[in-house]
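Undergrad: turn this into a structure:
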Amino acid sequence: MHGLEQSPAELVNSAGQSDILLVCEHASHFIPENFNNLGLTKAECLSHIGWDIGAADMAKALSKQLDASLILQRYSRLLYDCNRPPSELSAIPPLSEVTAIPGNSELTAEQRDYRVQQIYQPFHREIEAQINAREESGRKTILVTIHSFTPTYKGQLRTVELGVICDLDNVFAKRFYDQAQALSHYDIRMNEPYGPSDPVLHMVTRHGRNNQIDNVMLEVRNDLIEQADGQLEWAQLIGKVLNQVNA
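TA: Numbers count the residues shown, from 1 in each chain. A predicted model of the protein is given here:
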């Protein structure tokens with residue numbers, strides 16, 4: 001037993017009727033016992049470096065509101081970040097923000113490949129399978145990935161509350177941004193706090209098929225969705241915007 005035998009993909013509301021397919025790549029802080037928390041303290045594993053705080057519960061509320069299927073990733077992003085291709089060093093980060101990750105330093109090629117084969121590959125296969133099944137039954141897919149970000153990064157405060165992350169020719173994401181601006185009082189920005197240069201668009205690039213499938217990556221500041229009331233409020237806003245853009 002190497003610790004990663006459990007499937008990385010959890011499918012919520014598999015019979016959901018919405019065009020929206022929700023994905024939450026950084027849903028969990030779970031690190032199996034034999035990885036010894038990658039040499040980190042429990043507090044570090046539970047911090048924003050280990051997962052996207054509040055994102056999974058907000059995504060579940062959004063799934064319920066929209067009647068949308070949702071795919072959650074069951075392992076900590078520190079074991080493997082499924083929004084990165086295997087070619088990226090940051091897919092298995094030796095450093096996250098300012099925290100060294102001892103259990104990710106000096107990995108052998110075999111150890112690295114194990115995580116790719118057990119986390120990255122099956123997670124992305126599940127997403128591909130869901131999209132293909134929809135196509136085969138004549139259903140439309142809109143891919144929406146749900147993330148959260150820390151209010152302070154490397155000592156810098158971030159005042160943006162919702163980031164709409166996309167490449168430059170993503171028409172659907174721009175329509176989402178315009179509608180969100182019109183419907184809310186929040187600080188909503190395009191390609192902040194991350195953008196195409198970071199690189200954070202692997203998920204939507206890989207599965208959006210060069211924007212043949214409408215897609216958008218959403219980043220909510222995590223202090224706004226730490227509690228259930230904030231998660232519900234943001235799910236209602238995002239759901240309302242998605243429904244109007246997809247009307």
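
Undergrad: quick one: low-confidence ranges for this structure?
TA: Along the chain, the model assigns pLDDT under 70 to residues 1.

Undergrad: and the helices in it?
TA: Ranges of helices in the chain, per DSSP state H, are 42-46, 55-66, 109-115, 121-136, 171-183, 202-208, 228-245.

Undergrad: what helices or strands is the fifth one leaning on?
TA: If I follow you right, that is helix 171-183. strand 162-165, strand 188-190, strand 214-221, helix 228-245 (3 or more Cβ pairs under 8 Å, 6 or more residues apart in numbering; DSSP states H and E). For the C-beta atoms, the positions are set from N, CA and C on the backbone; glycine is no exception.

Undergrad: dump these into CSV; add mean neighbour count and distance to T150 as well.
TA: Putting the helices and strands packed on helix 171-183 into CSV (neighbours: other Cβ atoms under 10 Å; distance: least, Cβ to Cβ, whole Å) gives the following:
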stretch, mean neighbour count, distance to T150
strand 162-165, 24, 12
strand 188-190, 19, 16
strand 214-221, 25, 8
helix 228-245, 19, 15
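
Undergrad: which one of the ones you listed lies nearest to G54?
TA: helix 228-245 (5.9 Å; Cβ to Cβ).

Undergrad: now do the closest one against helix 55-66, angle only.
TA: 50 degrees (axes from the mean of the first three to the mean of the last three Cα atoms, to 10 degrees).

Undergrad: straight-line length of stretch 91-106, end to end?
TA: End-to-end distance for stretch 91-106, by Cα to Cα, to the nearest Å: 14 Å.

Undergrad: tell me the most buried of the helices of the chain?
TA: Stretch with highest mean neighbour count among those: helix 55-66 (a mean of 23; mean count of other Cβ atoms under 10 Å).

Undergrad: which residues are contacting it?
TA: 12-13, 16, 18, 20, 22, 24, 26-28, 68-70, 72, 146-148, 220, 222, 225, 228, 231-232, 234-236, 238-239, 242-243 (Cβ atoms under 8 Å, 6 or more residues apart in numbering).

Undergrad: and R158, what does it touch?
TA: So R158 contacts F149, T150, P151, T152, E192, P193, R221 (Cβ under 8 Å, 6+ apart).
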